[in-house]
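Peer 1: I need the structure of the sequence given here:
(one chain, ligands or ions: 1)
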Amino acid sequence: MKKRQGLLAALVLFACMSNVKAQQNKHTFISNLIRKMTLEEKIGQLNLLTSDMDVTGPFMKPGYKKDIEAGLCGAVFNAYTPQYTRQLQEMALKTRLKIPLLFGYDVIHGHKTIFPIPLGEACTWDMSLMEQSARAAAVEASADGLQWTFSPMVDIARDPRWGRVAEGVGEDTWYGVQVAKAKVKGYQGNDLSASNTILACVKHFALYGAVEAGRDYNTVDMSRRQMFQYYLPPYKAAIDAGVATVMTSFNEVDGIPATGNKWLMTDLLRKQWGFKGFVVTDYTAINEMIAHGIVKNEYEAGELSFNAGVDMDMQGSVFAGQMKKLLQDKKITQAAIDTAVYRILSAKYDLGLFTDPFRYCDTARARKEIMNTENLELARKVAERSIVLLKNDNQLLPLKKEAKIALIGPLADSKRDMIGNWSAAGDYTKAATLLEGLKARGANVEYLPGAHYAADTTLIKRALQKARLDASDTADAAPMLAAAVELAKRSDVVVMALGETQGMTGEAASRSNISIPENQQQLLKAVYATGKPVVLVLMNGRPLTLEWEDAHIPSILETWWLGTKAGNAIASVLFGDYNPAGKITMTFPRTTGQIPIYYNHKNTGRPQDPNNKYSSKYLDNVNEPLYPFGYGLSYTKFTYGSIALSKQQITKADKLQVSIPVTNSGNYDGEEVVQLYIRDLVGSATRPVKELKGFKKLMLKKGETQTVMFEISAEDLKFYDKDMKWTAEPGDFMVFIGGNSRDVQSAGFILK
Ligand code: GLC
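Peer 2: Residues are numbered from 1 along each chain as shown. Next up is the predicted model:
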């Protein structure tokens with residue numbers, strides 16, 4: 001035994017020493033390289049430019065290839081394929097010091113194989129699956145010339161008018177923390193020097209999801225308490241998970257744009273949180289500080305952002321144009337420039353780019369990895385688990401195999417929409433539409449669009465990404481609707497594929513009215529009037545207001561945009577091959593007027609009381625949402641017993657065991673996400689009425705009962721107290737367990 005321990009100790013010591021040696025070699029290499037670099041070459045490393053393969057922001061900087069050849073560009077984004085990145089890399093390797101380029105891209109929910117949009121994937125409540133989809137994305141992206149993704153986006157959001165809710169995981173902080181960790185691990189793996197791992201980039205730092213009125217790029221203003229309690233933890237989780245890079249956000253924080261905010265980028269991110277990677281701005285965010293009114297010109301913008309802690313300028317060319325003069329004028333220091341260059345060269349070194357700049361340009365690996373069977377099967381699995389059953393009266397679903405189906409709606413056969421927004425290199429021509437999925441499953445189906453995407457031609461142009469529309473795009477809608485109604489009448493059941501086009505959410509796509517477009521609603525009501533049973537299949541990138549739909553349509557499936565295998569996954573759920581188990585992670589309001597509306601709200605001093613005029617409520621609506629956080633049904637039914645606590649009170653050193661029996665009391669085997677919430681009844685700062693603190697996803701065969709066990713410790717009860725100290729305060733607590741944040745069993749306990 002002693003001999004084995006001795007051997008183990010020797011192995012550990014050897015590993016530590018070789019790691020130290022490796023770090024020394026890396027430091028020596030980078031330091032020697034920096035010593036050789038001119039000021040222009042150093043500034044070049046801080047310059048990130050978009051290629052012309054894809055454009056994701058306001059303007060293109062022409063002549064980026066000349067900058068690469070002159071050594072004035074250190075990284076390129078929106079360029080991929082082994083061939084194209086090799087071509088650009090060869091240009092960089094002809095420069096004096098042959099410093100390789102870094103290639104970044106928005107691999108947000110898949111690279112070529114596209115997974116559900118993040119707000120959809122979040123409904124799986126499966127961290128392993130979300131890590132796997134990031135891993136698959138990294139394998140494909142790294143085989144396609146890329147080493148860096150601008151993902152995960154972890155912005156907490158409580159306002160579905162904001163188009164970018166599609167890219168995040170919704171309103172809950174604790175849940176956002178879990179997903180942030182899973183995604184960083186999926187992209188970066190355990191070894192960045194491996195050829196199938198890529199740098200992750202946590203964004204948008206910080207608080208971008210809290211834009212006022214849900215209007216993109218708008219002002220963000222909140223207390224430090226609100227920041228630390230609700231919005232900052234997912235970014236911190238990504239940092240603690242070792243994320244390699246951070247992207248600044250467009251919005252201001254405490255009145256200073258994030259991109260020029262020293263408290264945020266240096267005091268908090270580096271000094272408090274210990275972030276060691278590099279900070280890149282969002283697209284021309286430095287330049288935009290002029291419009292913010294915090295600086296007069298690019299010279300001042302460059303000074304403010306660089307001294308705040310930004311290392312790399314995305315597409316703004318402010319560092320490229322101003323840094324030399326800023327240094328001459330002693331507004332910035334040479335040491336700070338060298339530090340920024342060091343961080344970027346360090347990332348390139350970790351990726352192995354100095355040893356083999358073409359290791360990511362391997363066409364053979366691209367052929368093997370991209371859209372292979374394994375990735376496509378994973379895409380289907382994730383898609384099926386992202387679907388949320390919102391309503392299913394009289395068990396209309398699953399459909400009978402022999403049913404004569406009328407498939408109606410403009411989204412039913414739209415390949416482009418199936419891969420959603422921020423689908424970057426996704427090949428939508430390879431996406432399965434709902435019509436294709438039903439046909440592939442042998443369904444007896446006839447399809448008609450019934451309506452255009454929207455009556456508003458600008459929205460259609462945006463949806464179809466067309467500068468000019470064809471006649472068919474704006475043909476008279478009346479005959480389309482009439483034909484669809486006739487089709488419905490001669491069918492057994494109608495499946496309606498309605499909602500948003502991918503162009504109606506994502507960046508710069510906020511909506512002030514978040515209902516299904518009016519013309520599509522007219523189609524739905526006309527088909528409903530036939531009296532035929534209707535299944536509404538929603539395709540959308542945000543929670544929608546669905547009061548009429550919920551009151552009239554017997555079955556409603558939320559399918560988001562599910563990616564390459566969308567149609568197959570929806571068909572599988574419609575016919576019951578897969579029993580849906582998704583749970584929403586963002587509240588669905590009844591009306592836009594209720595926004596912001598979220599489950600972990602405060603109680604207020606006058607909580608809603610139907611018997612008291614002077615209580616917090618609306619004259620024209622209820623306070624409650626249409627579908628609460630964590631909500632989702634199944635084809636079966638789950639019955640919850642009573643909560644049992646291992647004790648009535650715990651000390652800060654104790655753990656409380658909480659258990660509850662859950663029974664599948666329906667007719668199908670199915671999965672349930674059992675959710676654990678707590679409430680701190682009294683705090684030195686006010687506390688929300690519920691906070692998610694855990695969940696267990698379990699499969700229960702019909703008739704089966706499982707006792708689900710959770711553990712709660714004082715760590716789970718901590719919050720920022722009146723002095724902003726992260727602590728757990730003794731007192732009375734409630735614990736809630738259920739299949740969503742509303743329908744719960746509860747019990748009380750005390751923290752001594
Ligand atoms: C965009 C987005 C950001 C993206 C970047 C590069 O403006 O805000 O999320 O990563 O530009 O495309």
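
Peer 1: Check the secondary structure at the residue in the stretch 551-700 of the chain positioned nearest to the ligand for me.
Peer 2: Closest contact between the stretch 551-700 of the chain and the ligand, by C-beta to the nearest ligand atom, is at residue 561 (17.4 Å). For the C-beta atoms, the positions are set from N, CA and C on the backbone; glycine is no exception. Assigned with DSSP: H, G, I helix; E, B strand; the rest coil, residue 561 falls in the coil class.

Peer 1: Tell me which residues touch it, please.
Peer 2: 116, 117, 120, 417, 418, 419, 420, 421, 502, 539, 540, 541 (C-beta atoms under 8 Å, 6 or more residues apart in numbering).

Peer 1: Determine which two of these are furthest apart.
Peer 2: 419 and 540 (14.1 Å; C-beta to C-beta).

Peer 1: follow-up on the earlier one: between the contacts of residue 561, which sits nearest the ligand?
Peer 2: Closest to the ligand, out of all of the contacts of residue 561 and judged by C-beta to the nearest ligand atom, is residue 421, at 11.1 Å.

Peer 1: In a strand, the closest one, correct?
Peer 2: No - counting by three-state DSSP, residue 421 is not found in a strand; it is coil.

Peer 1: Can you tell me the closest non-neighbouring residue to it?
Peer 2: Of all residues beyond its chain neighbours, the one nearest residue 421 is residue 506 (3.2 Å), with distances taken as C-beta to C-beta, 6 or more residues apart in numbering.

Peer 1: Quick check, the one you found in contact with residue 166.
Peer 2: Yes - the pair residue 506 / residue 166 is scored as a contact, 5.8 Å apart, by C-beta atoms under 8 Å.

Peer 1: Give me the common contacts of those two.
Peer 2: Common neighbours of residue 506 and residue 166 (C-beta under 8 Å, 6+ apart) are 420, 421, 422, 541.

Peer 1: By neighbours, which of those wins?
Peer 2: With neighbours taken as other C-beta atoms under 10 Å, the top of those is residue 420, carrying 35 neighbours.

Peer 1: pLDDT score for that one?
Peer 2: We have a pLDDT of 97 for residue 420.

Peer 1: show me what contacts it?
Peer 2: Residue 420 touches 109, 114, 116, 117, 120, 166, 502, 506, 541, 560, 561, 563, counting by C-beta under 8 Å, 6+ apart.

Peer 1: Apart from its chain neighbours, what residue comes closest to it?
Peer 2: In space, residue 420 is closest to residue 561, 3.1 Å off (C-beta to C-beta, 6+ apart).

Peer 1: And for residue 466?
Peer 2: Nearest non-adjacent residue to residue 466 (C-beta to C-beta, 6+ apart): residue 473, at 7.2 Å.

Peer 1: Could you check how far that neighbour is from the ligand?
Peer 2: 28 Å (C-beta to the nearest ligand atom, to the nearest Å).

Peer 1: Equivalent analysis for residue 190, please.
Peer 2: 25 Å.

Peer 1: Retrieve the pLDDT associated with that residue.
Peer 2: Looking at residue 190, the pLDDT reads 96.

Peer 1: and it, what does it touch?
Peer 2: So residue 190 contacts nothing (C-beta under 8 Å, 6+ apart).

Peer 1: so how far is residue 184 from it?
Peer 2: 11 Å (C-beta to C-beta, to the nearest Å).

Peer 1: Could I get the buried residue list for the helix-or-strand element of the chain with minimal mean pLDDT?
Peer 2: Of all helical and strand segments in the chain, the minimum by mean pLDDT, DSSP states H and E falls on helix 457-464, at a mean of 77. For helix 457-464, a neighbour-count test (16 or more other C-beta atoms under 10 Å) marks 459, 460, 461, 462, 463, 464 as buried.

Peer 1: So which residues make contact with it?
Peer 2: 416-417, 452-454, 466-469, 473-474, 501-504, 509, 517.

Peer 1: can you rerun that using 10 Å?
Peer 2: 410-411, 414, 416-417, 452-454, 456, 466-470, 473-474, 500-504, 508-509, 511, 517 (C-beta atoms under 10 Å, 6 or more residues apart in numbering).

Peer 1: ranges for the helices of the stretch 101-250 of the chain?
Peer 2: For the stretch 101-250 of the chain, helices defined by DSSP state H, counting those that start in this stretch occupy the ranges 118-121, 127-143, 173-188, 224-226, 233-240.

Peer 1: Next, the buried residues of the first one.
Peer 2: For helix 118-121, the buried set under the neighbour-count rule, 16+ other C-beta under 10 Å, comprises 118, 119, 120, 121.

Peer 1: Can you pull up the most central residue in this protein?
Peer 2: residue 168 (2.7 Å; C-alpha atoms, centre = their mean).

Peer 1: List the contacts of that one.
Peer 2: Counted by C-beta under 10 Å, 6+ apart, residue 168 has contacts 117-119, 122, 152-157, 162, 176, 179, 204, 208-209, 234, 585-586.

Peer 1: how does it look with 8 Å?
Peer 2: Taking C-beta under 8 Å, 6+ apart, one finds 118, 119, 122, 153, 154, 155, 156, 157, 176, 209 in contact with residue 168.
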